[in-house]
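J.: return a 3D structure for these sequence lines:
(one chain, ligands or ions: 4)
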Amino acid sequence: TVPHFLNSRQSPSDSSDLSKSDPDAPLVLIVDDNWLIQDLLRQMMEKDGYQVVTANSGQQALEVFARLQPDIVLLDASMPVMDGYTCCQLIQALPGGDRTPVLMITALEDTESVNRVFEAGAIDFVTKPINWAVLRQRVKRLLQQANLYKQLQTANSELQRLVSIDSLTQVANRRCFDETLEHELVRMSREQMPLALILCDVDFFKLYNDTYGHLEGDWCLKKIARAISDAVCRPGDLVARYGGEEFAIILPRTDAAGAVEVAKRVRNSVNQLQIPHAASQVSDYITVSMGITCTLPGEEVTPAKLIRAADIGLYRAKAQGRDRHSD
Ligand code: GH3
Ligand code: MG
Ligand code: MG
Ligand code: MG
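T.: Ligands and ions are numbered 1, 2, ... in the order given. Model prediction:
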C-alpha cells in the first residue's frame, strides 16, 4: 500500500485526496502518532480546503517537510522516539523551516510544557482535547501571516534589486559598484587573493550623441552594457555603470593577466556589435577604451586608489589612440 504521507502533491492518482483539494491551496503537514487524531485533523483541514500530508513520527515529518515544504505544520508534542519538541527544533534547521509556522498540539499546559513549546520554535499551540474552532482560526491566521511575510520578502528583494540596478542599462549601478568594491577588497585581502578593476569608457560618445541623437545614444549604452556583461563570465564578477558612458568591471581573484584577457573579450564583444559611428576618429563603429589595474595580495589599497589607478590606465589608452586597453 502507498504510505499514508504520500498523498496530495505526490500521487495525483490518489483521487480520494486530490478530488477535494485545490492544487494552489496551502499544504498542511499533520504529524501525530495517533491515527485517530491524525485522521480527524485531516478531515478538518480538508473541509477547510487545504491540501494535507501526514506523518506519524518525527522522523517521517522531517522527511516529508524537506520534500514537500508545507505551508504550516500541526505537530503533536508527545510522540515516541522523537517527540514534537525535538522535531520542531529540527524543522527550523531545514530549508524554509525558519519561516514555516509550526502549531504544536499538546495535552500539557503547565508552565514547563508551555515554555518548551516556544523554546522549540513553535509559533503557538493548541491543547488536547482539541477545540476545533480554535484550531481552525489559528491555522487560518497563521497562514495569513506567513503569506504576508512572504509578500514582504518578495517586495523587499524587488526593492533590493531596484536600488542596486541601473535602470537604463540593467547592469549594477554606482551604488552597488561602490559597495561591492569596498567589501570585495576586504575579502580579497583576507583571502590573500588579487583583485582586478577595469574602467571602460565609450570612445567619442559625445560625437555619437551629436550625430545620432540622445535616444540613439541611450540605446547604444544598453547594447554596450549587454556586450560587456556577455564578455564577463565568472560568478562573482561585477559589471556596473560607473557614470554616464563609463562602465566598471570588478574581477575578484583575478590577476593582471586575467584582467587583460577579460579586457580583450570586452573589446571584441563591443566591436562585434558593429554599431555605426560615422563621426568616430578611430573606427567606423562604436569602440571602447579601458584602463586596467590589479591589487597584489598583502598590498594596502583603498577603493579610491584602485579607481585612480584604473583611470590613469584609461587615460593612457585614450592617449594611445583609443579602441584599446592599458594599465
Ligand atoms: P572620449 O573618447 O574621450 O571618451 O570622448 P567622449 O565624447 O566619449 O567623452 P566625453 O566625456 O566628453 O563625453 C561623454 C558623453 O557621454 C557626454 C554625454 O553626452 C554622453 N552621455 C553620458 N551619459 C549619457 C547617457 O545616459 N545617455 C546618452 N545618450 N549619452 C550620455
Ligand atoms: Mg502523541
Ligand atoms: Mg567618459
Ligand atoms: Mg567617452
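J.: do any residues in the helix or strand that contains residue 184 lie close to ligand 1?
T.: Applying DSSP states H and E as the criterion places residue 184 in helix 174-190. No. Shown here: helix 174-190 not in contact with ligand 1 (Cβ under 6 Å from any ligand atom), separated by at least 12.3 Å. Quick note: C-beta positions are derived from backbone N, CA and C, even for glycine.
J.: stretch 281-292 now?
T.: No. Under the criterion of Cβ under 6 Å from any ligand atom, stretch 281-292 makes no contact with ligand 1; the nearest approach is 6.7 Å.
J.: end to end on that stretch, go ahead and measure it.
T.: Start and end residues of stretch 281-292 are separated by 23 Å (Cα to Cα, to the nearest Å).
J.: any idea how far the helix or strand residue 46 falls within is from the chain center?
T.: Secondary structure assignment for residue 46, by DSSP H and E: helix 35-47. Helix 35-47 has its average C-alpha position 37 Å from the chain's average C-alpha position, going by Cα atoms, centre = their mean, to the nearest Å.
J.: on that earlier part again, can you name the element that comes right after the helix holding residue 184?
T.: strand 195-202.
J.: that next one packs against which elements?
T.: For strand 195-202, the elements it packs on are helix 174-190, helix 214-231, strand 246-252, helix 256-271, strand 288-295, helix 303-319, judged by 3 or more Cβ pairs under 8 Å, 6 or more residues apart in numbering; DSSP states H and E.
J.: and it with strand 246-252, angle?
T.: For the pair strand 195-202 and strand 246-252, the angle between their directions (axes from the mean of the first three to the mean of the last three Cα atoms, to 10 degrees) equals 160 degrees.
J.: quick check: mean pLDDT across strand 195-202?
T.: Mean pLDDT, strand 195-202: 98.
J.: tell me the SS of the most far-flung residue of the chain relative to its centre?
T.: Taking Cα atoms, centre = their mean, the residue of the chain most remote from its mean C-alpha position is residue 281, at 43.9 Å. At residue 281 the chain is in coil, as set by DSSP: H, G, I helix; E, B strand; the rest coil.
J.: elements contacting the helix or strand following the helix holding residue 46?
T.: The first helix or strand that comes after helix 35-47 along the chain, using DSSP H and E, is strand 51-55. Of the remaining helices and strands, those touching strand 51-55 by 3+ Cβ pairs under 8 Å, 6+ apart are strand 27-31, helix 35-47, helix 58-68.
J.: what confidence value was assigned to residue 21?
T.: On the pLDDT scale, residue 21 is placed at 71.
J.: and what of residue 321?
T.: The per-residue pLDDT reported for residue 321 equals 97.
J.: please tell me how far residue 237 sits from ligand 2.
T.: 54 Å (Cβ to the ion, to the nearest Å).
J.: residues in contact with the closest residue in space to that residue that isn't next to it in sequence?
T.: Leaving out its chain neighbours, the residue that sits closest to residue 237 by Cβ to Cβ, 6 or more residues apart in numbering is residue 251, at 5.4 Å. Taking Cβ atoms under 8 Å, 6 or more residues apart in numbering as the definition of contact, the neighbours of residue 251 are 195-198, 232, 234, 237, 258-259, 262.
J.: swap in 7 Å and give it another go.
T.: When contacts are counted by Cβ atoms under 7 Å, 6 or more residues apart in numbering, residue 251 touches 195-196, 237, 258-259, 262.
J.: ok, it to residue 309 distance?
T.: When distance is defined by Cβ to Cβ, to the nearest Å, residue 251 is 14 Å away from residue 309.
J.: ok, now residue 324?
T.: For residue 324, the distance to residue 309 (Cβ to Cβ) stands at 17 Å.
J.: quick one on the thing from earlier: now the residue farthest from the centre of the chain. Nearest residue, chain neighbours left out?
T.: Among residues not flanking residue 281 along the chain, residue 204 sits closest, at 6.4 Å (Cβ to Cβ, 6+ apart).
J.: so the one you found touches residue 278, yeah?
T.: No. Shown here, residue 204 and residue 278 do not form a contact pair, counting by Cβ atoms under 7 Å, at 10.4 Å.
J.: who has more neighbours, the two?
T.: For the pair residue 204 and residue 278, the greater number of neighbours falls to residue 204 (19 against 10), based on other Cβ atoms under 10 Å.
J.: where does this structure dip in pLDDT?
T.: The model of the chain has pLDDT under 70 over residues 1-20.
J.: so which residues on it come close to ligand 3?
T.: Taking Cβ under 5 Å from the ion as the criterion, the neighbours of ligand 3 within the chain are 201, 246.
J.: what is the longest helix of this protein by residue count?
T.: Secondary structure assigned by DSSP state H gives helix 132-164 as the longest helix of the chain.
J.: for that one, packing partners?
T.: In this structure, helix 132-164 makes packing contacts with strand 72-76, strand 102-106, strand 124-127, helix 174-190, judged by 3 or more Cβ pairs under 7 Å, 6 or more residues apart in numbering; DSSP states H and E.
J.: deepest of those, which one?
T.: Across these, the average number of neighbours (mean count of other Cβ atoms under 10 Å) peaks for strand 72-76, which reaches a mean of 27.
J.: before I go, just wanted to say thanks for your time.
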